[in-house]
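Sharing a model that was predicted from the sequence below.
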Amino acid sequence: MVPNNEFIADICDDMSEILDPFQRERLKNVLVLRLQDCTIERLETAVVPYEGMGNDLMIKKFIIAKKIVGLSEKTLKYYARELELILGSIGKNVGDIVSDDILVYFAKRDIEDKVSKVTQGNELRVLRTFFSWCTGEELIIRDPTRKVTSIKQGKRKKKAFSEIEIERIRDGCETNRERAIVELLLSTWCRASELVAIKSRDIDGKRVNIIGKGNKERYVYLNAKSLVVLEKYLSERKDRSDYIFPGKIAGTGKTTGEWYMNPEFVNSAEHMETGTLQDVLHRIAKRAGLDPSEVHPHKFRRTGATLALKHGMPIAQVSALLGHSSIATTQIYLDITDDDLELAHKRFVN
């Protein structure tokens with residue numbers, strides 16, 4: 001007898017010459033589901049964690065540990081929510097979970113729930129982070145995710161805005177507040193959460209002090225267009241909020257796009273929510289005749305990085321401005337076409 005996962009892996013390997021990677025992934029998931037109730041062999045090697053420590057307590061300890069190392073509240077909430085859902089679906093105590101349980105979970109997510117490979121990959125990363133911590137803390141003996149292969153995801157090239165699309169977005173703005181949002185995104189390459197959190201005191205001339213992911217501090221910079229538009233926008237404000245983009249007081253009803261000019265509508269204590277920022281961009285996109293789902297803060301980051309690289313900025317500097325700890329992460333953002341590579345080859349390779 002062999003364990004289910006090894007048995008399934010052998011079958012998939014035998015079929016590797018006639019199946020592409022995605023077909024092999026599908027075959028694996030079908031076999032996992034069909035064999036989940038069959039007794040080929042079950043691995044029961046993990047031990048139960050500390051006596052009396054259930055999943056809820058282990059998740060709580062994990063979240064506290066990650067909070068100590070500086071993860072953001074948003075990331076901590078994401079981890080907690082995903083772990084509760086995934087472990088609840090598996091239906092076992094953490095110390096009893098084996099690799100077959102995780103394979104069955106993802107087979108169901110693929111075939112029954114029909115969730116995307118991207119979602120499955122994100123869920124597997126959450127589980128790996130959690131179980132790695134559990135083994136590191138010696139709450140369990142073995143990490144069941146170590147025998148689970150990565151989720152294969154289709155490579156879909158993500159596009160930056162074209163120069164025409166950028167101008168259409170600019171034309172789609174109706175207020176100086178909207179223009180300031182667009183120009184700051186184009187100039188600073190900030191994440192949504194970073195942009196909405198900027199305060200007046202963070203701006204020093206042409207540079208802005210940002211606290212990004214992992215509580216890392218960096219500077220981003222304002223170009224001439226963003227400086228001019230920002231000055232016009234701030235001159236229209238009469239409130240006392242220190243936030244560049246403050247929130248709107250709930251319950252004030254429908255107001256015009258220039259509601260921020262009336263201090264009675266401005267929530268001076270809170271900044272604009274990231275969801276509100278996305279709503280603003282969606283409205284601008286509709287006016288510009290663009291697909292709203294394709295106009296979001298991350299695309300502005302990708303656009304800025306791509307254009308800067310095309311204009312000759314070294315990739316290490318592009319990476320630093322984006323707030324990336326690795327150039328490999330930056331390369332994912334770039335939208336470099338075959339034409340760009342051909343031009344670069346002519347320029348640099350003689």
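Looks like it arrived, so ask away.

Helix, strand or coil: sort out Cys38 for me.
The three-state label for Cys38, taken from DSSP: H, G, I helix; E, B strand; the rest coil, comes out as coil.

how far away is it from Ile102?
In this structure, Cys38 and Ile102 are separated by 17 Å, where distance is defined by Cβ to Cβ, to the nearest Å. In this view, the C-beta of every residue, glycine as well, is placed from N, C-alpha and C.

Compare the two (neighbour count), which wins?
When Cys38 and Ile102 are compared on other Cβ atoms under 10 Å, the one with more neighbours turns out to be Ile102, at 23 against 10.

Confirm that one sits in a strand?
No. Counting by three-state DSSP, Ile102 is not found in a strand; it is helix.

Show the low-confidence segments of the chain, by residue range.
By pLDDT under 70, the low-scoring segments of the chain are 1-4, 39-53, 153-157, 253-255, 329, 332-350.

any idea which helix is longest in it?
In terms of residue count, the longest helix belonging to the chain (DSSP state H) is helix 117-136.

And the contacts of that one?
49, 58-59, 62, 65-66, 78-79, 82-83, 86, 94, 102, 106, 109-110, 140-145, 148, 150-154 (Cβ atoms under 8 Å, 6 or more residues apart in numbering).

Now with 6 Å, please.
Taking contacts as Cβ atoms under 6 Å, 6 or more residues apart in numbering, the residues outside helix 117-136 that touch it are 62, 82-83, 86, 106, 109, 140, 143, 145, 151, 153.

Which single one of these is nearest to Asp10?
Sorting the contacts of helix 117-136 by how near they are to Asp10, with Cβ to Cβ, puts Phe106 at the top with 18.9 Å.

Roughly how far does that closest one sit from Met58?
In this structure, Phe106 and Met58 are 21 Å apart, going by Cβ to Cβ.

which residues touch the nearest residue in space to Asp171 that is not next to it in sequence?
Residue nearest to Asp171 in three dimensions, not counting chain neighbours: Ala288, with 6.4 Å by Cβ to Cβ, 6 or more residues apart in numbering. For Ala288, the set of contacting residues under the criterion of Cβ under 6 Å, 6+ apart consists of 168-169, 172.

Tell me the secondary structure of Ile210, please.
Bear in mind the rule, three-state DSSP; under it Ile210 is strand.

can I assume Arg240 is in contact with Ser268?
Yes. Under the criterion of Cβ atoms under 6 Å, Arg240 lies in contact with Ser268, with a separation of 5.3 Å.

Show me which of those two is the more surrounded one.
Summary of the neighbour comparison: Arg240 and Ser268, criterion other Cβ under 10 Å, with Ser268 having more neighbours (13 against 9).

I'd like the next helix or strand past the one helix or strand that one maps to.
Using DSSP states H and E, Ser268 sits in strand 266-271. For strand 266-271, the succeeding helix or strand toward the C-terminus, using DSSP H and E, is helix 274-288.

Tell me the buried residues in that next one?
274, 277, 280-285, 288 (16 or more other Cβ atoms under 10 Å).

Next, the buried residues of the helix or strand harbouring Val229.
Here Val229 is covered by helix 224-235, with elements defined by DSSP H and E. By neighbour count, with 16+ other Cβ under 10 Å as the criterion, the buried positions of helix 224-235 are 226-227, 229-230, 233.

Just put the residues you listed in a markdown table and tack on distance to Ser116.
As requested, the buried residues of helix 224-235 are arranged in a markdown table below (distance: Cβ to Cβ, whole Å):
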| residue | distance to Ser116 |
| --- | --- |
| Ser226 | 35 |
| Leu227 | 41 |
| Val229 | 37 |
| Leu230 | 38 |
| Tyr233 | 38 |
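
Could you check how far the next helix or strand along the chain from the longest helix of the chain is from the centre of its chain?
On the C-terminal side of helix 117-136, the closest following helix or strand by DSSP H and E is helix 163-171. Taking Cα atoms, centre = their mean, to the nearest Å, one finds helix 163-171 lying 25 Å from the centre of the chain it belongs to.
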